[in-house]
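**Q** Okay, predicted coordinates and the sequence, questions at the end:
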Amino acid sequence: MSNFCAAPNCTTRSNESASPLFRFPSDTERCKQWVDNCHCKDLEDKTPDQLNRHYRLCVNHFEPSMICKASPYRTKLKDNATPTIFDLTSHPNNPQCRQRKRIKELSKAEAGQMKERKNRNVIP
């Protein structure tokens, strides 16, 4: 199970916040609507089953009218809930859904220098 929100520019994590995370719906049409609203290229090639099993959206992406407080310990979404609140302004063309570490491609010279530094730091 994913422990972070899949929405672009959202840093909510389940272990760091009291914000609940909700599974993507297993229904194909509703799941497609959630993906479309997210504007996240990484999610577009996933099946509804994959999205339901491995991806979540936090409560911050839903209107308060879409949330049911079932008990003091459980928050649920209404059956027709659709995420509509996303921060797309800071990176409107960002194809990534989560903050990911970018790996810089090294030139042959840079790779050689890095290898040399690594070999110097190895203690025999």
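**A** Sure thing, it's come through. Numbers count the residues shown, from 1 in each chain.
**Q** For the helix or strand of the chain with the lowest mean pLDDT, what is the distance to the chain centroid?
**A** Across the helices and strands of the chain, the lowest-confidence element by mean pLDDT, DSSP states H and E is helix 108-121, at a mean of 76. Between the centre of helix 108-121 and the centre of its chain there are 35 Å (C-alpha atoms, centre = their mean, to the nearest Å).
**Q** same for it, what does it pack against?
**A** Taking 3 or more C-beta pairs under 8 Å, 6 or more residues apart in numbering; DSSP states H and E as the contact definition, helix 108-121 has no neighbouring helices or strands. For glycine as for every other residue, the C-beta is placed from the backbone atoms N, C-alpha and C.
**Q** Using PDB, write down the CA coordinates of it.
**A** Taking Å, rounded to 0.1, in the frame of the first residue of the first chain, the C-alpha atoms of helix 108-121 are listed here in PDB:
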ATOM      1  CA  LYS A 108      32.100   9.600 -19.600                       C
ATOM      2  CA  ALA A 109      34.600  12.000 -18.100                       C
ATOM      3  CA  GLU A 110      32.400  12.700 -15.100                       C
ATOM      4  CA  ALA A 111      31.800   8.900 -14.600                       C
ATOM      5  CA  GLY A 112      35.500   8.300 -14.800                       C
ATOM      6  CA  GLN A 113      36.200  11.100 -12.200                       C
ATOM      7  CA  MET A 114      33.500   9.700  -9.900                       C
ATOM      8  CA  LYS A 115      35.000   6.200 -10.200                       C
ATOM      9  CA  GLU A 116      38.500   7.500  -9.500                       C
ATOM     10  CA  ARG A 117      37.300   9.400  -6.300                       C
ATOM     11  CA  LYS A 118      35.400   6.300  -5.100                       C
ATOM     12  CA  ASN A 119      38.500   4.100  -5.600                       C
ATOM     13  CA  ARG A 120      40.700   6.600  -3.700                       C
ATOM     14  CA  ASN A 121      38.300   6.500  -0.700                       C
END
